[in-house]
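Engineer: prediction below, plus the sequence it came from.
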Amino acid sequence: MSVSLFTVRRFLISFSIAWVILMTDHAILLWSLEWPIELAIIDSLISNTLLLMACLLVMNTIRYYTPELNQYLNVLCMCIVLTILWMVLSKWLLGLALNSYEGYPLFLRRSIMVRSSIGFLIMGIVTMIGIIWYNWQDQQRSEERKSDAEKLTRDAELFKLRQQLQPHFLFNSLNSINALIGARPAEARKMVQQLSDFLRGTIKKEETQWVSLQEEMQYLQLYLDIEKVRFGNRLTTIVETDAQSLTLKLPALLLQPIVENAIKFGLYDTIGETVISIKTSTGINNELQVIVTNPFDPETSSPKQGTGFGLKSVQRRLYLLFDRNDLVVTEAKEDQFTTRVRIPQLPDMTT
Amino acid sequence: MAKVIIIDDEPLARSIVKEYLAKHPQLELLAECGDGFEGVKSIQQHQPDLIFLDIQMPKINGFEMLELIEQPPNVIFTTAFDEYAIKAFEAHAIDYLLKPFNQERFDKAVTKWQEQQQSHVPAKTEELLETAAQSPAQNQRVVVKNGSKIKIIPVHDIYFMEAADDYVKIHTHEGYFLKNKTMSHFEQALDEQQFVRSHRSYIVNVQQITRIDPYEKDNHIAILKSGMRVPVSRGGYGKLKAVLGL
């Protein structure tokens, strides 16, 4: 499964070609020593077919039992034993087939050493190739498994990061609705609708990985409207989008945690009215740029506090999607905290 | 008639408590406050018998606000979701209302409070505040009262702390502030990698130390960037060495 059929076939073809060459070579050698051509061919066929069988046996063993580093001695022993067996068997068969030729029994006896050496050499090479081949296959498989597992975790993590919803927000919104029901039922109904639309947005499925800024801003507006009902006059938002940027793409639900972070930081770090501004523009390379600003109190809090959980998850998401860590930048100047996010536009950002 | 104050930063959250309160004519609502600063002022002014208090509020949270009041009134906490607060409530069996709550649940909390009033069960506010102070939000800052003003000291601004009778003197570049807490409270609540109890009566911010000199026989003295000197006992020297990786 892991190694393509193509590579397996290629391996078999090279193996067969090597064997044909070996056999031809063997026959030509005998023929050049002035043995008749039919003797040369029969000798070569018998010896090399037997050798092939021995080698296949070795390969098969290695396939199911890949030797550890300290077991190479066993492999060597196996090769020696098989070489001896092969020699004994082929000597007997060769004798049976070719002893009628004059001088052949003597030649056979004398060439035993040379034959065994070459046979042992070939078997050693085949064993080595086998070990390398099967090791490589194992490695391929485990690498594939690893990348599969990595992809799964990445998907799960991305999904989880998108799903982050502060329970605090949910329960406080429900509490606001509860208060509105008695006093202003029409507004309560409106807020139930907004909260439902917002929640529906958070549970959208995987296929909407990329959305246009226009879509994301509509979703963000729901969130801002709910927060404005909760915090009343304390919260004012300024949203400025340039028309060109509205068509650019970004990962779904990316901006809400950034704005949530800004609202929390702004509202809980200052007393009185809080203005949150959200500006979008088109940057270099057609990049989408979003700038969110919130006030904070430089005397009592470090800007580090501004990079709370919300921003970390956005940073992580962008890293997983773009393999870049420089897309979220924060800056504290006087009493304003700015979060700047850039989203590169990729060719495959279709939804 | 019992006097009541509502302290919550969300206007609608205040209005629902007000609505539920209307069914209890024996409770008189004196004030509504949108943050802890207003809360402290209002409590001093009205001396209420009972307050409804939210936890997450701007600048200082509900617990920090209570710490600033010498004799805190009885409290019914209202919160949407706060792991640490709920843990603290449960540890001290204090009633709290989880938002959103209905009239029945609200009435039950009020009845429970009235019963406790009659049986003179002392409120366990102090123990509660001690537990709540372990939350991550609260170990980043110390809230103190400086005359009539409320001062928020980020922990990195603290030079060192010094025991002074029932108080702890918190030394900063603006001078020192007093807080009605124990040394062991701060030793537990603050990050032990940054604040080390160098001496029975001293906790020092290690980021402020420039050097440590021997002093008398077994003792040492830490010299801070500001030039201030903080006693270091034998045991304290060992702890400092461990934190500084010497």
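Structural biologist: That came through fine.

Engineer: number of residues surrounding the closest residue to residue B:181 other than its chain neighbours?
Structural biologist: Counting by Cβ to Cβ, 6 or more residues apart in numbering or on different chains, residue B:181 lies nearest to residue B:168, which is 5.4 Å off, once chain neighbours are set aside. Quick note: C-beta positions are derived from backbone N, CA and C, even for glycine. The local packing of residue B:168 (other Cβ atoms under 10 Å in any protein chain shown) involves 23 other residues.

Engineer: ok, now which ones touch residue B:168?
Structural biologist: B:161, B:162, B:178, B:179, B:181, B:182, B:183, B:185, B:186 (Cβ atoms under 8 Å, 6 or more residues apart in numbering or on different chains).

Engineer: hang on, it in a strand?
Structural biologist: Yes. Judged by DSSP: H, G, I helix; E, B strand; the rest coil, residue B:168 forms part of a strand.

Engineer: the host helix or strand of residue A:177 vs chain B: in contact?
Structural biologist: Assigned by DSSP states H and E, residue A:177 belongs to helix A:167-183. Yes. Using Cβ under 8 Å from any Cβ of the partner chain, helix A:167-183 reaches chain B at A:167-168, A:171-172, A:174-180, A:182-183.

Engineer: and those, which is closest to residue A:253?
Structural biologist: Nearest to residue A:253, judged by Cβ to Cβ, of the residues of helix A:167-183 next to chain B is residue A:167 at 16.7 Å.

Engineer: not counting sequence-adjacent ones, nearest residue to that closest one?
Structural biologist: Distances taken as Cβ to Cβ, 6+ apart place residue B:81 nearest to residue A:167, at 4.4 Å, with adjacent residues excluded.

Engineer: contacting residues for that neighbour?
Structural biologist: Contacts of residue B:81 (Cβ under 8 Å, 6+ apart): A:167, A:168, A:171, B:98.

Engineer: what do you get for residue A:85?
Structural biologist: residue A:54.

Engineer: and it, helix, strand or coil?
Structural biologist: helix.

Engineer: distance of it relative to residue A:91?
Structural biologist: For residue A:85, the distance to residue A:91 equals 11 Å [Cβ to Cβ, to the nearest Å].

Engineer: distance check, residue B:189 against residue B:135.
Structural biologist: 9 Å.

Engineer: before we move on, what about residue B:199?
Structural biologist: 27 Å.

Engineer: more neighbours, those two?
Structural biologist: Using other Cβ under 10 Å, the more surrounded residue of residue B:199 and residue B:135 is residue B:199, with 24 against 19.

Engineer: follow-up on the earlier one: neighbour-wise, which one of the residues of helix A:167-183 next to chain B leads?
Structural biologist: Counting neighbours by other Cβ under 10 Å, residue A:176 leads these with 28 neighbours.

Engineer: setting aside sequence neighbours, what's the nearest residue to the residue sitting nearest the centre point of chain B?
Structural biologist: Closest to where the C-alpha atoms of chain B average out (Cα atoms, centre = their mean) is residue B:64, at 3.6 Å. In space, not counting the residues next to it along the chain, residue B:64 is nearest to residue B:143; the distance is 4.4 Å by Cβ to Cβ, 6+ apart.

Engineer: that neighbour falls within a helix, correct?
Structural biologist: No. Residue B:143 is assigned strand when assessed by three-state DSSP, not a helix.

Engineer: that one and residue B:63 touch, don't they?
Structural biologist: No. Using Cβ atoms under 8 Å, residue B:143 is not in contact with residue B:63; the gap is 9.4 Å.

Engineer: neighbour-wise, which of those two wins?
Structural biologist: residue B:63 (27 against 21).

Engineer: circling back: how about the residue nearest to the centre of chain B, what does it touch?
Structural biologist: Counted by Cβ under 8 Å, 6+ apart, residue B:64 has contacts B:36, B:138, B:143.

Engineer: quickly find the element holding it.
Structural biologist: helix B:62-67.

Engineer: any idea how far that helix is from the chain center?
Structural biologist: 5 Å (Cα atoms, centre = their mean, to the nearest Å).

Engineer: equivalent analysis for stretch A:286-299, please.
Structural biologist: 33 Å.

Engineer: what about the residue of chain B positioned farthest from its centre, which SS state?
Structural biologist: The centre of chain B is farthest from one residue, residue B:217, which by Cα atoms, centre = their mean lies 38.9 Å away. Secondary structure, three-state DSSP: residue B:217 is coil.

Engineer: and it, how far from residue B:237?
Structural biologist: Taken as Cβ to Cβ, the span from residue B:217 to residue B:237 is 12 Å.

Engineer: quick one on the thing from earlier: same for the helix holding residue A:177, what does it pack against?
Structural biologist: Counting contacts by 3 or more Cβ pairs under 8 Å, 6 or more residues apart in numbering or on different chains; DSSP states H and E, helix A:167-183 packs against helix A:185-202, helix A:213-231, helix B:11-21.

Engineer: could you figure out how far the second one is turned away from helix B:11-21?
Structural biologist: Read it as helix A:213-231. With axes from the mean of the first three to the mean of the last three Cα atoms, to 10 degrees applied, the angle from helix A:213-231 to helix B:11-21 works out at 40 degrees.

Engineer: for helix A:213-231, what is the average pLDDT?
Structural biologist: On average, the pLDDT along helix A:213-231 is 93.

Engineer: try stretch B:98-112
Structural biologist: Averaged over stretch B:98-112, pLDDT sits at 95.
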